[in-house]
Every structure is written in structure tokens, then in C-alpha cells.
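Colleague: starting from these lines, generate the structure:
(4 chains)
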2 protein chains.
Amino acid sequence: MTRTPLADVACSIARATDLFGDAWTALIMRDVLTGVTRFDDLAHDLGISRKVLAARLSRLVEEGVLVRERYQERPPREHYRATPKGEELYPVLLALMEWGDRWYAGPAGPPARIRHLGCGRDTTPVAACAHCGEPLTVGNTTQLPGPGGHTGPGTRVLGPLLAAREG
Amino acid sequence: MTRTPLADVACSIARATDLFGDAWTALIMRDVLTGVTRFDDLAHDLGISRKVLAARLSRLVEEGVLVRERYQERPPREHYRATPKGEELYPVLLALMEWGDRWYAGPAGPPARIRHLGCGRDTTPVAACAHCGEPLTVGNTTQLPGPGGHTGPGTRVLGPLLAAREG
DNA sequence: CCCTTAAGTTCCCTCAGGGAACTCGGGTAG
DNA sequence: CTACCCGAGTTCCCTGAGGGAACTTAAGGG
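Modeller: Sure, this is the predicted structure:
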């Protein structure tokens, strides 16, 4: 496929997508974050080709999202665990899950619930403003160039073009 | 590639990933939500092959995420706009962008800022509990089977296995 | 009448993904 | 001591999706 390299574009979505934008990475992270950490378990659970799984895992380790660590000495066995960088992908998974729940849940309802241990209730994740806590939507936000934005093609990061939207 | 069909698995992440889990869809949605809605503009802005762009757009229209609509009569011209279902992908984009900002921004800082018009401040999106507003993390949430979860392989949706995590 | 623009299509080629078999280090059962 | 399981990958071949660039169609415009 010769994936177009997106990581060098001045767009954080493109940078994140360069790693996260394939069919398997999100599901691997879901599994690892929920306790499925061993190679064979991942291969079985996901139904992914072992070749591709090995490639994804080593990429994720390279990127510092997972670490490969020994979980037993004799015989030596390794598994994969999320780093802090990996755990911070959790909001992305929550957002994907919430969207899937809203638009693809069958009549029975969504296939899983998230319980927030802080307040003890089953919850839905909301993308909220860090300052005032209100939900962020396309309509109530605007994008502005940031300090790290070099102008030129590909500069937009959820671009500064929102003003151009009609309605 | 014969993409493994994920949409039928009882996992909302898998369902969302089936559509969203490719290198281009996130970036197309970013562009459309920020006002880049025409075929040629998208092709130029993204550097995507026109063939693949056409395929992605028609898939997104099929899925009800975008609509193809006429924006001028003479000569007849069509462009793409997000439906409500498409606009609700915004939190996913925000989460991806926030993660990219945190882990890939250069010394200069992130390439863009999000301003919340509600409170007037530049903000960062947080995945918050809909009930109490606290941030949701891997550590303070647990996953339970939901009403729509048929048991069996692939049942997990950010699975019920979190309890199995050590530490 | 020819040129330009927008929005796709078509063609060929390469390489990433699927699938299944094979490897390798290290037990454990007989 | 040999034979048979792991777990964790690696290797091989085949298919088909993505890249790239040219071609098409429809409608103005000079």
C-alpha cells in the first residue's frame, strides 16, 4: 500500500492517525488496556493474522505506546502492557465506543457499559471543555493556528477554516 | 487486503473502527467539518489518491456520515457535508488531536488551538463522565457487559476484563 | 472552437494484509 | 532420553487495496 507518511504533517490528527489509523491498532489497544496482553491471546481474540499482529505490536513498542515485558522467567515469556502514553489513548477509545454505541447499537442497546468508579454510575463519555466542563461540539468551538503551526499546505489541525462553514 | 469485517462483532469500538479505522477517514472528516467540502479541495489538501478519495466519500455517504449535496446549479456542482452522525465524530477527532498534541507537539507547542466559544477560552478536550463531569481514565472506570452484548467470542467492548488488570 | 474547471473513472503496479505452515527455546510426561 | 506441548513469533505464497497519473464527462467562458 505504501502508506502515505502523515506523521510529518503539521496536524496532530494526522500524527495520531499515522499510528492509530489502521483497522487493528484501536482494537489491540482496547485489548491491552482491558487485560488481554499476551501474543496468542491477542491473536485469538482479534482474529488478526499473527504476522500483522507482530508488526503492529513492534510498531506500538517503538512508539512508546506499549512495552514488552517478561511476566514469567521459566520458561521466559513476554507480554505487552500500556505505557502512560498508551493509557492516554483511552479517551480516543471511549469516544469511538460512544459513537459506535449511539449509531450502531441494536434494539437491545449497546454491548457494554462503562462504570465510573468515581461516582459509581454507568456513564457515557463526553468531550468536555477542560475549563468550564461544557461539552465541546463542532458548533461551539473554533480552531485557531497554534504556536507550533508552520503555515503552508497541511497546516490545519482541525483547521482554522471553521469560520468558512456555512450555517 | 480483504479487510476483516469488524462491523458485525459485538463491540462498538470494532464497529466504529470498521468505518473510521483507516488512514484517511479521520482526515476527511476533519476537513469536511472544518469547511473543506469539495472533491478537488479534499484531494489537494490531503494528498490522497482521487480513486481512494472517491471510494471513501461514497462509503461515508452510504453510512450516513456525509451527504452529497448540490451547492451550485449552473454548472451543477456537488460537495460533501457532515450529517449529525458525522458531526458526532467530532469528539473522536478532538481526542485524537489532544493525544497527538500531548505526545507529538514540537518544542514550539501544538500546531493548533481549540477555542470554546461557550467560555471564550482556548481549551483542551477531556473525556468526562456525563454524570459528575470528572475525567474518565483507565484507572477510574470499569467495563461491564451491556444489554446488547451477546456472549461469545468478540463480546468485549472495552471488555469486562478490566478487573483482570494487575496494578 | 478551444480551453478551463469540477468531479470522478480507469489503468497498471506495487506492496501490505490474510492464512497457514514452520521455527525455536524451553518445559513436562512416559 | 525421546516425544510431545506450550508461547511467541517468522516465513511463504496469494490476493486485492492503495498510489499515481492519465482519461472522461458535463458545462461554461473567451
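Colleague: look up phi and psi at the residue of chain A most remote from its centre.
Modeller: Relative to the mean C-alpha coordinate of chain A, counting by CA atoms, centre = their mean, the farthest residue is A:Arg74 (34.1 Å). Dihedral pair for A:Arg74: phi -130, psi 110, per degrees, to the nearest 10.
Colleague: ok, A:Val61 touching A:Val67?
Modeller: Yes: counting by CB atoms under 8 Å, A:Val61 touches A:Val67, with 6.6 Å between them. From N, CA and C alone the C-beta is placed, and that goes for glycine too.
Colleague: quickly list what's touching both of the two.
Modeller: Residues touching both A:Val61 and A:Val67 (CB atoms under 8 Å, 6 or more residues apart in numbering or on different chains) are A:Tyr80.
Colleague: and the strands in chain A?
Modeller: Shown for chain A, the strands assigned by DSSP state E span residues A:66-72, A:77-82, A:112-116, A:121-123, A:125-129, A:141-145.
Colleague: so where's chain A uncertain?
Modeller: Scanning chain A for pLDDT under 70 picks out A:1-10, A:149-167.
Colleague: flag every buried residue along stretch A:54-66.
Modeller: For stretch A:54-66, the neighbour count (16 or more other CB atoms under 10 Å in any protein chain shown) marks A:Arg56, A:Leu57, A:Leu60, A:Glu63, A:Val65, A:Leu66 as buried.
Colleague: and which of those residues is nearest B:Ile13?
Modeller: Within the buried residues of stretch A:54-66, distances to B:Ile13 taken as CB to CB reach their minimum at A:Arg56, with 15.4 Å.
Colleague: doesn't A:Ile28 make contact with that closest one?
Modeller: Yes: contact status for A:Arg56 versus A:Ile28: in contact at 5.8 Å, counting by CB under 8 Å.
Colleague: give the contact list for A:Ala127.
Modeller: Applying CB under 8 Å, 6+ apart, the residues contacting A:Ala127 are A:Ala95, A:Pro135, A:Leu136, B:Tyr90, B:Pro91, B:Leu94, B:Ala95, B:Pro125, B:Val126, B:Ala127, B:Ala128.
Colleague: and with 6 Å instead?
Modeller: Applying CB atoms under 6 Å, 6 or more residues apart in numbering or on different chains to A:Ala127 gives the contacts A:Leu136, B:Pro91, B:Leu94, B:Pro125.
Colleague: tell me the buried residues in the helix ranked longest in chain A?
Modeller: Secondary structure of chain A read by DSSP state H shows that its longest helix is helix A:90-104. Of all the residues in helix A:90-104, those buried under the rule 16+ other CB under 10 Å are A:90-101, A:103-104.
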